[in-house]
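Trainee: just to be clear, the model below is a prediction. Sequence and coordinates:
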Amino acid sequence: MNLEMVEQEIASTFCTYETSIEKRIRYISGMKHFAEYLDKNNIELDDVEESVIQNYANELRSYGYPEVFINDNIKAVRQYYSYSKAHDYILENGVLSD
């Protein structure tokens, strides 16, 4: 994984969708931290499943990060993937599908 390119993708995604500068900064920071976790564990950004997100949260807890930090980062991750899916899927009858 090219971490620099991933960070550019993350920043671009949040700058496209988020109008609040505060949210952009918080989300970009959280996703950057998550991308570093992915890189350390040899997981590609496109290969993230719910179990990866849960493992990330558990690792943060084991390192003693405060819950507010963990919750903010998980929110950033979920927000990022909700935006990405909007590009890859079409909405049919209120359900995202491919």
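Mentor: Alright, I've got the coordinates. What you see is a predicted model, and the numbers here were worked out from it, not measured in a lab.

Trainee: number of nearby residues for Ala11?
Mentor: By the measure other C-beta atoms under 10 Å, the count of residues near Ala11 is 15. C-beta: built from backbone N, CA, C; applies to glycine.

Trainee: ah, wrong one, I meant His33
Mentor: If we define neighbours as other C-beta under 10 Å, then His33 has 17 of them.

Trainee: next: Tyr65.
Mentor: Tyr65: 14 neighbours (other C-beta under 10 Å).

Trainee: residue numbering should commence at 239 henceforth.
Mentor: Sure, I'll start numbering at 239, so the last one becomes Tyr303.

Trainee: tell me which stretches of the chain form helices.
Mentor: Secondary structure of the chain by DSSP state H: the helices cover 241-255, 259-278, 288-300, 305-326.

Trainee: ok, now which ones touch the spatially most central residue of the chain?
Mentor: Centroid-nearest residue in the chain: Val315, 2.4 Å away (criterion: C-alpha atoms, centre = their mean). Taking C-beta atoms under 8 Å, 6 or more residues apart in numbering, we find Val315 in contact with 268-269, 272, 286, 291, 294.

Trainee: check what pLDDT it gets.
Mentor: Per-residue confidence (pLDDT) for Val315: 95.

Trainee: Ser267 versus that one, what's the distance?
Mentor: For Val315, the distance to Ser267 (C-beta to C-beta, to the nearest Å) stands at 12 Å.

Trainee: identify the residues contacting the residue nearest to Glu247 when sequence neighbours are not counted.
Mentor: Leaving aside its chain neighbours, Glu247 sits nearest to Leu283 (7.5 Å; criterion: C-beta to C-beta, 6 or more residues apart in numbering). Shown in contact with Leu283 (C-beta under 8 Å, 6+ apart): 239, 244, 247, 273, 276.

Trainee: now the second one, nearest residue through space, not along the chain?
Mentor: Just to be clear, that refers to Val244. Ala273 (4.9 Å).

Trainee: for this protein, give me the ranges with low pLDDT.
Mentor: Residue ranges of the chain with pLDDT under 70: 322-336.

Trainee: can you rerun that using 90?
Mentor: Under the criterion of pLDDT under 90, the regions of the chain flagged as low confidence span 239-258, 261, 283-285, 320-336.
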